[in-house]
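> Need a 3D model of the following:
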Amino acid sequence: MCGVAWVGHRRGYLHVLVFLVLSIGGATLAQLASAATPDLKNGKTMFFAGGCASCHAAPASDRCDDPKIKNEFELAGGRCLKTDFGTFYVPNISPDKESGIGGWTDAQFIKAMREGLSPKGEHYYPAFPYTSYQRMPDKDLIDLKAFLDTLPPVKSKVPDHDLAFPFRFRSALAPWKWMFLDGKRFKPDPSKSDLINRGAYLVEGPGHCGECHSPRNLLGGIEAGKKFSGGPNPEGEGIIPNITPHKTGIADWTEKHIADALETGLTPDFDTFGGSMVKVQENMAKLSAEDRAAIAAYLKSLKPIPSSTAKKEKP
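Numbering: from 1, shown residues only. Model (predicted):
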């Protein structure tokens, strides 16, 4: 505020100051306004909608593939994701300045989340779902960063990814991004209700539901026209189910069924979620009832698509 008052007495410097401010780290006015008053409550919502702890919290044991975590707010990383491309080790995103992201600026965090680029300009692998996070606006990303900065800083040493040739060369990700990273933000559909638009944002953006619930082509991109129709489990055996309102998906689920299942983990046929969906549901249970209802409304509004998996599975 002191700087603003000073400029008020020296109006001739106002345009210069604005230019310099906008030039710092490529920041925008929206970023700067949000950064001045981050909404930690919204940041926490984005944290759970994105399931950050599911990947980035350290495993409870020395096994990197232990499904249990020590503490959902201690984001030391170290978990391993075993895929056909090799083994990815999830990084530390705690606010530790040496081994985490405590030294990152808001602009650097936004660049990582939207463009899959490190502060050094290195490409991140799309095991980090920036193809979905690119839909998020400045404010939600800055609020998320502000919330992450309130969590315990944890020092850790995470192994380098162990990938097969030629996937270990990050430079190959540039053409991949050209094909599958469009750089677009989420835009509400004016023909849809506010509830459906909120659900669309949560599902398509921070929730990154399509990253698992969709089949992929040989290059690892989501197959056109088949998003949310299910696919192979990227973390191991089995499949991820169709979540479109098709008869091979969730046609017989009502919006209330979906919202209740996200809250409790119980399906309409009195079964329970299994596999990686358990972690997703535990995060969704921490969202507001309104957000769970919005997710349900959006999923039921999707175009019904036949399942891309061999047989119908329960979500």
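> Now do the nearest residue to Gly225 once chain neighbours are set aside against Phe228, distance only.
Nearest residue to Gly225, sequence neighbours excluded (CB to CB, 6 or more residues apart in numbering): Ile305, at 7.6 Å. Any C-beta I mention is one placed from the backbone N, CA and C, and that applies to glycine too. From Ile305 across to Phe228, the span is 7 Å (CB to CB, to the nearest Å).
> With neighbour numbers in mind, choose between those two.
Each of Ile305 and Phe228 has its neighbours counted (other CB atoms under 10 Å); Phe228 has more, 27 against 20.
> How about the contacts made by the nearest residue to Ala60 once chain neighbours are set aside?
Setting aside the residues directly before and after it, Ala60 is nearest to Lys68 in space (CB to CB, 6+ apart), at 3.9 Å. Shown in contact with Lys68 (CB atoms under 8 Å, 6 or more residues apart in numbering): 59-61.
> May I ask which of those has the most neighbours?
Pro59 leads the contacts of Lys68 on contacts (other CB under 10 Å) with 19 neighbours.
> ok, it - contacts?
65-70, 78-79.
> Closest one to Ile101 out of those residues, please.
Gly78 (15.0 Å; CB to CB).
> Could you report the pLDDT at the closest one?
Looking at Gly78, its pLDDT is 91.
> cool, Tyr13 as well?
pLDDT, read off for Tyr13, is 33.
> now swap in Ile24 and tell me
pLDDT, Ile24: 39.
> rewinding a little: would you mind listing the two of the contacts of Pro59 that lie farthest apart?
Comparing every pair within the contacts of Pro59 by CB to CB identifies Asp65 and Lys70 as the most remote, at 14.5 Å.
> Would you mind pulling the contact partners of stretch 251-260?
245, 250, 261, 266-268, 289, 292-293, 295-297, 299-300, 304.
> Could you pull up the residues touching the nearest residue to Pro38 once chain neighbours are set aside?
On the basis of CB to CB, 6+ apart, the spatially nearest residue to Pro38 that is not a chain neighbour turns out to be Ala146, at 3.4 Å. Taking CB under 8 Å, 6+ apart as the contact definition, Ala146 lies against 35, 38-40, 43.
> All set, thanks.
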